[in-house]
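Peer 1: sequence and computational prediction follow.
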Amino acid sequence: MFGRCYMKSEALGRTQNNGKILHSFRLPSLPGVAEQKCAVLINPPVYDTQHWAEWSQPYGLLRVASLLKKHHYKRVELFDFLETDEKKKVPNHRINPDEVYGEKDKPTSPMRPVVVTKGGERLELFKRHYGRSWQDFETWLQDKGFDSEHAPDEVWISAIMTYWWESVRDLTFRLKRLFGDRTIIILGGIYPTLAPEHATRYTYADIVVVGEVKEANDLWTDLSLYDNPPTYAIITPSRGCPFNCSYCAQKTINACQEVRHRPPEDIVAEMKSKYDTYGIREFAFYADYLLMDFEKNFMQVLELIVKEKLPFRLHAPEGFDVRSLSKSQKLIDLMKKAHFQKIYLPVESIDEKYLRTLNRKHVRLEHFVRAAKMCEIAGFRMRNLEVNAFVLYGLPEEKIDHVVKTIIFVSEIVGSIIPMLFTPVPTTEIFQQYLPYFQEYGWDQDLHMLNGKLYPFLELNEGSLSDYIDLQRLMFTLNTHYRSKSFRLFGDTQVSAAFRENLSNRFEEVITRYRKETM
């Protein structure tokens, strides 16, 4: 099915467990006196065929920075490979999917793509290193005075997506080669939490942290470590979710389904501090379930912002639960008054039977429609990128017709579609269900091959490679704007009516006849 243009897992890293897995981590468990220690925090580069740099701030790592300072570490430094420039972009360059970059900085020629195939069709995707280069990193280490004789006591690394693990392998190898055992490498984040055994085998981390660093959970992110403070900040108002959708790993990441909230006053105080200190106006809320008990929590945050007339621009890039959002017009009105810039609404499928197989029993299509209408009442513009809908596709055994219907439905209701290719995540119900399939191809170890952009379930789905590319083309076509709006397939203009009529009046026979005559 897939072009095997990458090395087998055994060649990519260690073949035995050397790192120590900790399920309950506390800072005092590390050796040494805090006041005498130096720590380096690193947000690794990303290896992928595409990457969106916006809202990629390593907020977990920045809370750890606050924790280290709270314990009076002598020195704390940060290197963020994904730090954006003034245009909110990161540098990138092509790499080969079958190469390790622990020792060399650049790929060998010729460049080789990742190849996806099905039914004789072939798609070539080129992998890229997103972020500052390895040379930039080594220059930074030298400028900060770090070398084999002057090693930091600890290096803390935050690893996010499991399918980005390869850059963590290369980073930890470089650190271990330079500093040896003089430095303790601590790896935390989503990847080591969901695949700790994989992380100990294929990276050179000394400590693999599973789950939260609880002492840092409610601390403010420390942006002072940046030479050029970012233009935005990520705010985490809560952790946890009461639901257990079959494709979501939040239960493992949070070690429970209890939702824990920060006080609204503390959240707004953090935002005001970042505005006063760095001039930051853009704030993005990240939470597993942002609207849980919203009247006691999130609404109070918004009310404080509105009451104090704070000049913020608010975002929630991961979207809102439509069931909760559709319960309160007051909530959505407050969001508008508090200057939410865009609203994102998830719509996995309009097939509610299929949704139940994903354990999404609490969500109905009517919730999405009602939430969208309420957003419009509040003053958010439809068909203008202010209200957007996530459409999840590429799920195992889905039907192309169901995806097309979902796309058309979403386009008609809100007019702006965000395509979301599905990625199976370790520890989830879907991952476990299809584990034998992954093991057949070796993808239980080659986690990078589970990247949704590589269509990992293509072989199990009825659609061809062209079908899946066409799904994205269709979404982008329906998103096209002219004079600030997108076209309505089911609009009331004569053009919309003629379009629908010509899809059902056998006009395609005319096109087919002329196509045959010109071939």
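Peer 2: Structure received.
Peer 1: neighbours of residue 296, how many?
Peer 2: Residues near residue 296, counting by other CB atoms under 10 Å, number 10. Just so you know, the C-beta spots here come from the backbone N, C-alpha and C atoms, and that holds for glycine as well.
Peer 1: contacting residues for it?
Peer 2: residue 261 (CB atoms under 8 Å, 6 or more residues apart in numbering).
Peer 1: and it, how far is that from residue 243?
Peer 2: Look at residue 296 and residue 243: by CB to CB, to the nearest Å, they are 19 Å apart.
Peer 1: quick check: residue 394 touching residue 430?
Peer 2: No: taking CB atoms under 8 Å as the definition, residue 394 is not a contact partner of residue 430, at 11.7 Å.
Peer 1: give me the more crowded residue out of these two.
Peer 2: Legend: neighbour count by other CB under 10 Å for residue 394 and residue 430, higher for residue 394 (23 against 20).
Peer 1: mind checking pLDDT for that one?
Peer 2: Note on residue 394: pLDDT of 94.
Peer 1: what's the closest non-adjacent residue to it?
Peer 2: For residue 394, ignoring the flanking residues on the chain, the nearest one in space by CB to CB, 6 or more residues apart in numbering is residue 422 at 4.2 Å.
Peer 1: got the CA coordinates for the host helix or strand of residue 401 in CSV?
Peer 2: Using DSSP states H and E, residue 401 sits in helix 400-413. Extracted in CSV, the C-alpha atoms of helix 400-413 (Å, rounded to 0.1, in the frame of the first residue of the first chain):
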residue,chain,number,x,y,z
ILE,A,400,-17.0,8.8,0.8
ASP,A,401,-20.7,9.7,0.3
HIS,A,402,-21.0,10.4,4.0
VAL,A,403,-18.0,12.7,3.9
VAL,A,404,-19.3,14.6,0.8
LYS,A,405,-22.7,15.0,2.5
THR,A,406,-21.0,16.4,5.6
ILE,A,407,-19.0,18.8,3.5
ILE,A,408,-22.0,20.1,1.6
PHE,A,409,-24.1,20.4,4.8
VAL,A,410,-21.3,22.3,6.7
SER,A,411,-20.8,24.6,3.7
GLU,A,412,-24.5,25.5,3.6
ILE,A,413,-24.7,26.1,7.4
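Peer 1: direction included, what does the next helix or strand after that helix pair up with?
Peer 2: Using DSSP H and E, the helix or strand that follows helix 400-413 towards the C-terminus is strand 417-421. Strand pairing for strand 417-421, determined by DSSP bridges: strand 387-393 (parallel).
Peer 1: what ranges does the stretch 201-350 of the chain have for its helices?
Peer 2: Taking DSSP state H, counting those that start in this stretch, the helices of the stretch 201-350 of the chain run over residues 250-254, 264-278, 298-307, 322-325, 329-337.
Peer 1: and these, which one is worst for confidence?
Peer 2: helix 250-254 (a mean of 85).
Peer 1: helices or strands up against that one?
Peer 2: Applying 3 or more CB pairs under 8 Å, 6 or more residues apart in numbering; DSSP states H and E, we find helix 250-254 packed against helix 190-194.
Peer 1: gap between the helix it packs on and the chain center?
Peer 2: The chain centre lies 13 Å from the centre of helix 190-194; the measure is CA atoms, centre = their mean, to the nearest Å.
Peer 1: hmm, back to that, the residue nearest to residue 394: how many residues sit nearby?
Peer 2: When neighbours are counted by other CB under 10 Å, residue 422 comes out with 18.
Peer 1: what's the weakest-modelled helix or strand in the protein?
Peer 2: One helix or strand of the chain scores below all others by mean pLDDT, DSSP states H and E: helix 352-357, with a mean of 69.
Peer 1: tell me the first helix or strand C-terminal of that one.
Peer 2: helix 365-378.
Peer 1: so which residue is dead centre in this structure?
Peer 2: Nearest residue to the geometric centre of the chain (CA atoms, centre = their mean): residue 161, 7.3 Å.
Peer 1: give me the mean pLDDT for stretch 287-296.
Peer 2: Per-residue scores along stretch 287-296 average to 94.
Peer 1: quick one on the thing from earlier: quick one: contacts for the residue nearest to residue 394?
Peer 2: Contacts for residue 422 (CB under 8 Å, 6+ apart) come out as 247, 392, 393, 394, 395, 452, 457.
Peer 1: show me where the stretch 401-519 of the chain has helices.
Peer 2: Using DSSP H, counting those that start in this stretch, the helices of the stretch 401-519 of the chain run over residues 429-433, 435-441, 465-479, 494-504, 508-517.
Peer 1: the stretch 1-150 of the chain now?
Peer 2: Here the stretch 1-150 of the chain has its helices, by DSSP H, counting those that start in this stretch, at 59-70, 134-143.
Peer 1: just the pLDDT at the closest residue to residue 273 other than its chain neighbours, thanks.
Peer 2: Setting aside the residues directly before and after it, residue 273 is nearest to residue 220 in space (CB to CB, 6+ apart), at 7.1 Å. Note on residue 220: pLDDT of 98.
Peer 1: most packed of the helices of the stretch 1-150 of the chain?
Peer 2: helix 59-70 (a mean of 21; mean count of other CB atoms under 10 Å).
Peer 1: what does it rub up against?
Peer 2: Helix 59-70 is contacted from outside by 27, 34, 39, 41-43, 76, 78, 156, 158, 188-189, 213, 215-217, 219-223, 225, 234, 236, 286, using CB under 8 Å, 6+ apart.
Peer 1: filter these down to just the ones in strands.
Peer 2: Using DSSP state E, 39, 41, 42, 43, 76, 78, 156, 158, 188, 189, 234 are the members of those that sit in strands.
Peer 1: of these, which is the nearest to residue 372?
Peer 2: Closest to residue 372 out of these is residue 234 (25.9 Å), distances taken as CB to CB.
Peer 1: break the chain down into its domains, please.
Peer 2: 1-215, 489-519 (automatic domain parsing).
Peer 1: pull the distance from stretch 114-126 to the chain's centre.
Peer 2: Chain-centre distance of stretch 114-126: 24 Å, with CA atoms, centre = their mean.
Peer 1: from here on, count from 27
Peer 2: From this message on, residue numbering opens at 27, which makes the last subject stretch 140-152.
Peer 1: would you mark the buried spots in it?
Peer 2: 140, 141, 142, 144, 149, 151 (16 or more other CB atoms under 10 Å).
Peer 1: before we move on, what about stretch 412-429?
Peer 2: Under the neighbour-count criterion of 16+ other CB under 10 Å, stretch 412-429 has 412-422, 424, 426, 428-429 buried.
Peer 1: closest one to residue 318 among the helices of the stretch 27-176 of the chain?
Peer 2: Closest approach to residue 318 among the helices of the stretch 27-176 of the chain (CB to CB): helix 85-96, 19.2 Å.
Peer 1: run the angle between that closest one and strand 64-69 for me.
Peer 2: 170 degrees (axes from the mean of the first three to the mean of the last three CA atoms, to 10 degrees).
Peer 1: just the CA atoms of helix 85-96, as CSV, please.
Peer 2: Only the C-alpha atoms of helix 85-96 are listed here, as CSV (Å, rounded to 0.1, in the frame of the first residue of the first chain):
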residue,chain,number,x,y,z
TYR,A,85,3.0,26.3,26.9
GLY,A,86,3.7,23.2,29.0
LEU,A,87,7.5,23.8,28.7
LEU,A,88,6.9,27.5,29.6
ARG,A,89,5.0,26.5,32.8
VAL,A,90,8.0,24.2,33.7
ALA,A,91,10.2,27.3,33.3
SER,A,92,8.0,29.0,35.9
LEU,A,93,8.3,26.0,38.2
LEU,A,94,12.2,25.9,37.9
LYS,A,95,12.3,29.6,38.8
LYS,A,96,9.9,29.1,41.7
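Peer 1: now do the end-to-end distance for stretch 69-84.
Peer 2: Stretch 69-84 has an end-to-end distance of 7 Å (criterion: CA to CA, to the nearest Å).
Peer 1: now residue 362, nearest residue through space, not along the chain?
Peer 2: Using CB to CB, 6+ apart, the nearest residue to residue 362 is residue 404, at 4.5 Å.
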